[in-house]
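Engineer: next come a sequence and a model predicted from it.
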Amino acid sequence: MNNAFRESLALLRVLEQDRVFLNKVDEAADLMIRALRSGHKILWCGNGGSAADCQHLSAELVARLAYPRPALASLSLTTDTSYLTAWVNDTGQGDHMFSRQVEALGQAGDILVAISTSGNSLNILEALNTAEEKGMIRIILSGNDCGKIKGMGNVELIVPSANTQRIQEIHIIIGHMICEKIERSFITQQV
């Protein structure tokens, strides 16, 4: 049990010292801030635990973390169960379930945040392709070697681990770091 703490702490220490990685986290947040200030939105996609992270982090932007600020345009593509189940049931094209939503909802200047611990999920790959075709900014959170989606993002935040649980733990920390920076830039009252 203590091994999980040790592994997570070791990864956090590595990333805390990695200036290039931390600069990429700042870059991702800055891109999102610019997009939101320009009237664009953020779309999130991921599978399994990453789907839950999409919902969590999108909610942080629409609601708030700690400070008074306007609601921010953010939508998790993983939450529309009627669409998701109909699309997969009626077409059998699970690999296109997120790309179809990006096609319908995404516009040039919007941001797609794609979360995939392995980087090999075909529905994430297809969503990234569609987002690129639409002129959207693409931010990837992945792990290990980033798999098939490596090189498809404008910013790629790759956790140097092959352990899915550790990658997901770090993803939520990264997501909170990004959301905190975004929120601070939109605060409406002095705190």
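Structural biologist: Structure's in. What do you need?

Engineer: helices along the chain, start to end?
Structural biologist: 2-17, 19-37, 49-62, 81-91, 97-105, 122-133, 164-186 (DSSP state H).

Engineer: any chance of TSV for those helices, columns mean pLDDT, distance to Asn154 and mean neighbour count?
Structural biologist: Just so you know, the C-beta spots here come from the backbone N, C-alpha and C atoms, and that holds for glycine as well. As requested, those are exported to TSV (pLDDT from 0 to 100; distance: least, Cβ to Cβ, whole Å; neighbours: other Cβ atoms under 10 Å):
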stretch	mean pLDDT	distance to Asn154	mean neighbour count
helix 2-17	92	20	12
helix 19-37	98	7	16
helix 49-62	98	18	20
helix 81-91	92	26	12
helix 97-105	97	15	20
helix 122-133	98	9	21
helix 164-186	97	14	19
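
Engineer: quick one: which of those is nearest Ile115?
Structural biologist: Using Cβ to Cβ as the criterion, the shortest distance between Ile115 and those is 4.0 Å, found for helix 49-62.

Engineer: could the helices of the chain go into a markdown table alongside distance to Ala114?
Structural biologist: Written out in a markdown table, the entries for the helices of the chain read as follows (distance: least, Cβ to Cβ, whole Å):
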| stretch | distance to Ala114 |
| --- | --- |
| helix 2-17 | 19 |
| helix 19-37 | 12 |
| helix 49-62 | 9 |
| helix 81-91 | 16 |
| helix 97-105 | 8 |
| helix 122-133 | 5 |
| helix 164-186 | 11 |
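
Engineer: ok, what's across the strand from the residue nearest the centre of the chain?
Structural biologist: Central residue check for the chain by Cα atoms, centre = their mean: the C-alpha nearest the mean position is that of Val113, 3.5 Å away. Under DSSP bridges, the beta-bridge partners of Val113 are Trp44, Ile139.

Engineer: contacts only, for it.
Structural biologist: With Cβ atoms under 8 Å, 6 or more residues apart in numbering as the criterion, the residues that contact Val113 are Ile42, Leu43, Trp44, Cys45, Cys54, Leu57, Ile139, Ile140, Leu141.

Engineer: most neighbours, which of those?
Structural biologist: By neighbour count, taken as other Cβ atoms under 10 Å, the most surrounded of the contacts of Val113 turns out to be Leu141 (33 neighbours).

Engineer: isn't that residue up against Gly175?
Structural biologist: Yes. Leu141 is within contact range of Gly175, at 7.4 Å (criterion: Cβ atoms under 8 Å).
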